[in-house]
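Trainee: build me a structure from this.
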Amino acid sequence: MKFGRKIHRSSIVLHAKEADYPRFGVIVGKAYGHAVQRNRAKRILRHTAGELMGQPPSLEVVVRAIRQGGNLRAEMISAWNQIAREIAS
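Mentor: You can find the predicted model right below:
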């Protein structure tokens, strides 16, 4: 994403910008782990995004999982709330 804001956490990087309607994308590269681990991370991130997408402001979000070991759900909620506050202000 060329424009918008970026937030780093220990296991994810969240890129976001304001949009007309909510959009969400997930990137989990091979460096994250085996296929089972990557798919599990994608499921967790998509499920968490589904819960958060209805909150204003309307955001275009890309989440990149960079390493294992962190709590993906908690880190994504924390990053999402921080970026939503920054964009809303």
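Trainee: could you give the bridge partners of the residue nearest the centre of the chain?
Mentor: In the chain, the centroid-proximal residue (CA atoms, centre = their mean) is residue 63; its distance is 3.3 Å. Going by DSSP bridges, residue 63 is paired in beta bridges with residue 14, residue 26.
Trainee: isn't it right next to residue 44, touching?
Mentor: No: in this structure, residue 63 is not within contact of residue 44 by CB atoms under 8 Å, at 10.3 Å. C-beta coordinates here come from the backbone N, C-alpha and C atoms, glycine included.
Trainee: helices of the chain, residue ranges please.
Mentor: 35-52, 72-88 (DSSP state H).
Trainee: restricting to C-alpha, output the longest one in CSV.
Mentor: C-alpha atoms of helix 35-52 as CSV (Å, rounded to 0.1, in the frame of the first residue of the first chain):
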residue,chain,number,x,y,z
ALA,A,35,1.1,-24.6,4.8
VAL,A,36,-1.0,-25.7,7.8
GLN,A,37,0.5,-22.9,9.9
ARG,A,38,0.0,-20.3,7.2
ASN,A,39,-3.6,-21.3,6.6
ARG,A,40,-4.3,-21.2,10.3
ALA,A,41,-2.9,-17.7,10.6
LYS,A,42,-5.0,-16.6,7.6
ARG,A,43,-8.2,-18.1,9.2
ILE,A,44,-7.5,-16.3,12.5
LEU,A,45,-6.8,-13.0,10.8
ARG,A,46,-9.9,-13.2,8.5
HIS,A,47,-12.1,-14.1,11.4
THR,A,48,-10.8,-11.2,13.5
ALA,A,49,-11.2,-8.8,10.6
GLY,A,50,-14.8,-9.9,10.1
GLU,A,51,-15.5,-8.9,13.7
LEU,A,52,-13.8,-5.5,13.3
